[in-house]
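In: using only what follows, build the 3D model:
(one chain, ligands or ions: 1)
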Amino acid sequence: MANQGFDVVVIGTGPGGYVAAIRCAQLGLAVATVEDDRPGGVCLNWGCIPTKALLRNAEIVDLFHRADEFGITVGEWRADYAQAIQRSRRVADRMAKGVEFLFRKNKITLLAGVGSLKSKSIVEVKGKGGVEILEARRAVILATGSEPKSLPGVAIDETQVISSNGAVRTETRPASLVVIGAGAVGMEFADVYRAYGVEVTVLEALPRVLPLEDEEASAQIARLFTRRGVTVRTGVKVVKVTPGKGSVAVEIDAEGTRETLTAAQVLMAVGRAARTKGLGLEALGVTMDRGLVTVGPTMETAVKGIFAVGDVTGRQMLAHKAMAEGVVAAEAIAGRSPRPVDYGNVPSCTYCRPQVASIGLSEAAAKADGREVSVGRFPFTANGKAVALGETEGFLKVVADKRTGEILGVHIVGPEATELIHEFAVGRTLEATLEEIIHTIHAHPTLSEASLEATLAALGQAIHI
Ligand code: NAI
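Out: Numbering: from 1, shown residues only. Down below sits the predicted model:
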């Protein structure tokens, strides 16, 4: 006999779960959420939000170093890393409280504890105060997210070998750090630690950093990080990680040559694994593929009435993708016919400096797809606003279908790249062509003019370059 009944029970309150819960409530459904950590999940508490606060600190520290350039003389100053972490915790706490507020506003019940499925409509919640049984009359949504992966045989102790979870909580910084993996986590933390004076080495197994980005974006970022004093090594296989007294030894294979690097700390940034253990999925017949829950276009799993959203379903492990999936699941459960998530039009954003953002296909992928492409580029050195800001590193690149003008992909390295990308996200949703972008007046002076100019360049009509 269930203690309480709801229309929908959502397990996990990260961006996928909390958005799904709110949308369900908006559509008139009675909703309970279950959370074994803090409301807001990894994104708000240990991921996206606190790291953005830390990156802002890093940016300010770098601006202090550049004070002369702006004609500002600063006396003695000190950047206190512990205070940067404390600030990021306050930011995260504030955002997590925001989720609790939204739950109250939408009359969503929040239960603290570990949720698992006892049947397709019964959720058990093991909390500090005991066990509670919830009935989900219409559906259960799994939104349990992911956790950092490690390399085989390497334990993350959050002291010498840390993950992003440990990094956002640790108020001390090491003298030296080896970052394993040059994806978003690796590059964002490399940026923060370098700004605070840490000797950083980034190791990437693939031939380039941010390997999912366009090759030109990877090359530019590798160059700029190197200039800032980060040692970037690509095409490097990590063979062994051995924590010792006061330092960690990292044995690598660099094109057949064995080498051992030592650093005070290692940051493991080799990806994340879906959290599915202990949910009782196998027994119910929920199908999985390589550790990820398989879902259809409405986010329903192989078991009717059990839905899954966010990192637990894999594909791109991004908060905004999770939110979009949460909306689709909620609307499907409420009996609507939601438009499925367009996985080909999800912006990818890395908040290192300069920022990197992209949407759609890289130039190489477009060509591999058999498209004849026209490419337009515009460097921020030729953009008035960027020059005025003193942020001229980077470029904006548009890849279009030569015949139709369809915008196949956009790649940005530069100031506010993660904001600029949305012009093209909307454009692609509306199936805009190059012609439509160039007939849109872009205010002057703005960074957005780079979008216009790169689009003009793809048509051979750039004015300012
Ligand atoms: P990731 O999968 O994006 O990158 C991991 C990198 O590690 C890859 O480039 C991979 O080639 C490399 N790697 C794997 N094994 C290695 C080895 N043995 N030696 C050297 N390199 C190795 O994973 P990451 O950066 O940990 O992020 C996890 C997830 O979280 C990703 O899906 C990412 O997109 C997401 N995320 C997104 C952020 C954003 O949007 N700004 C920020 C942080 C994470």
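
In: got a list of what residue 334 touches?
Out: 24, 27, 28, 29 (Cβ atoms under 8 Å, 6 or more residues apart in numbering). Heads up, the C-betas are built off the backbone N, CA and C, glycines and all.

In: 7 Å - rerun?
Out: Listed by Cβ atoms under 7 Å, 6 or more residues apart in numbering, the contact set of residue 334 reads 24, 27, 29.

In: just the buried subset of the residues you listed, please.
Out: Among the contacts of residue 334, those scoring as buried are 24, 27, 29 (criterion: 16 or more other Cβ atoms under 10 Å).

In: skipping adjacent residues, who's closest to the second one in space?
Out: Distances taken as Cβ to Cβ, 6 or more residues apart in numbering put residue 334 closest to residue 27, at 3.8 Å, once the chain neighbours are dropped.

In: nearest residue to the middle of this protein?
Out: Among the residues of the chain, the one closest to the centroid is residue 318, at 4.7 Å (Cα atoms, centre = their mean).

In: hang on, it packs against residue 343?
Out: No: Residue 318 is beyond contact range of residue 343, at 10.4 Å (criterion: Cβ atoms under 7 Å).

In: circling back to that earlier point, reformat the contacts of residue 334 as a markdown table; add secondary structure, distance to residue 261 and pLDDT.
Out: What follows is the contacts of residue 334, written out as a markdown table (DSSP: H, G, I helix; E, B strand; the rest coil; distance: Cβ to Cβ, whole Å; pLDDT from 0 to 100):
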| residue | secondary structure | distance to residue 261 | pLDDT |
| --- | --- | --- | --- |
| 24 | helix | 49 | 99 |
| 27 | coil | 54 | 98 |
| 29 | coil | 53 | 98 |
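
In: and these, which is closest to residue 65?
Out: Nearest to residue 65 among these, counting by Cβ to Cβ, is residue 24 at 48.4 Å.

In: what's the neighbour count on the residue nearest to residue 365 when sequence neighbours are not counted?
Out: Spatial nearest neighbour of residue 365, chain neighbours left out: residue 409 (7.3 Å); criterion: Cβ to Cβ, 6+ apart. A count of neighbours around residue 409, defined by other Cβ atoms under 10 Å, yields 24.

In: check residue 169 too.
Out: 15.

In: circling back to that earlier point, next one: phi and psi at the residue nearest to the centre of the chain?
Out: Here is the backbone geometry of residue 318 (degrees, to the nearest 10): phi -130, psi 140.

In: residues touching it, list them.
Out: residue 346.

In: mind doing that once more with 10 Å?
Out: 15, 43, 48, 184, 310, 311, 324, 346, 347, 348, 349 (Cβ atoms under 10 Å, 6 or more residues apart in numbering).

In: what about those, which are in strands?
Out: The strands, defined by DSSP state E, take in 348, 349 from the contacts of residue 318.

In: mind checking how far residue 74 is from residue 155?
Out: Here the criterion is Cβ to Cβ, to the nearest Å. By it, residue 74 lies 43 Å from residue 155.

In: who's more crowded, the two?
Out: Set residue 74 next to residue 155 and count neighbours by other Cβ under 10 Å: residue 155 wins out with 12 against 9.

In: name the nearest residue to the more buried one, sequence neighbours excluded.
Out: residue 161 (6.7 Å).

In: tell me the pLDDT at the one you found?
Out: On pLDDT, residue 161 comes in at 98.

In: contacts only, for it.
Out: Counting by Cβ under 10 Å, 6+ apart, residue 161 has contacts 150-151, 154-155, 178, 180, 241-243, 248, 250, 265-268.

In: now swap in residue 451 and tell me
Out: 376, 378, 396, 398, 410, 412, 420-421, 423-424, 427, 437, 440, 442.

In: which of those count as buried?
Out: Looks like these have 376, 378, 396, 398, 410, 412, 420-421, 423-424, 427, 437, 442 buried, using 16+ other Cβ under 10 Å.

In: now for residue 423, which secondary structure element holds it?
Out: helix 417-429 (DSSP states H and E).

In: show me what the helix or strand immediately after that helix in the chain is packed up against.
Out: Remark: after helix 417-429, the chain's next helix or strand is helix 434-438, criterion DSSP H and E. The elements that helix 434-438 packs onto, with contact taken as 3 or more Cβ pairs under 10 Å, 6 or more residues apart in numbering; DSSP states H and E, are strand 395-401, strand 407-414, helix 417-429, helix 449-458.

In: got JSON lines for these, with mean pLDDT and distance to residue 62 too?
Out: Shown next, in JSON lines, are the helices and strands packed on helix 434-438 (pLDDT from 0 to 100; distance: least, Cβ to Cβ, whole Å):
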{"stretch": "strand 395-401", "mean pLDDT": "98", "distance to residue 62": "20"}
{"stretch": "strand 407-414", "mean pLDDT": "98", "distance to residue 62": "15"}
{"stretch": "helix 417-429", "mean pLDDT": "98", "distance to residue 62": "17"}
{"stretch": "helix 449-458", "mean pLDDT": "98", "distance to residue 62": "22"}
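
In: closest to the ligand out of those?
Out: The ligand lies closest, by Cβ to the nearest ligand atom, to one member of the helices and strands packed on helix 434-438: helix 417-429, at 7.9 Å.

In: alpha carbons of the helix or strand hosting residue 357, as CSV, please.
Out: Applying DSSP H and E as the criterion places residue 357 in strand 355-360. Output of strand 355-360 as CSV, limited to C-alpha atoms (Å, rounded to 0.1, in the frame of the first residue of the first chain):
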residue,chain,number,x,y,z
GLN,A,355,34.7,30.7,-24.9
VAL,A,356,33.9,28.0,-27.5
ALA,A,357,30.5,27.5,-28.9
SER,A,358,29.1,25.6,-31.9
ILE,A,359,26.0,24.2,-33.4
GLY,A,360,25.4,21.8,-36.2
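
In: does it come close to the ligand?
Out: No: counting by Cβ under 6 Å from any ligand atom, no contacts exist between strand 355-360 and the ligand, the nearest distance being 8.9 Å.

In: just list whatever residues bridge to the residue nearest to residue 365.
Out: Taking DSSP bridges as the rule, residue 409 bridges to residue 360, residue 399.

In: so residue 46 sits against residue 169, correct?
Out: Yes: with contact defined as Cβ atoms under 10 Å, residue 46 reaches residue 169; the gap is 7.7 Å.

In: thanks a lot, catch you later.
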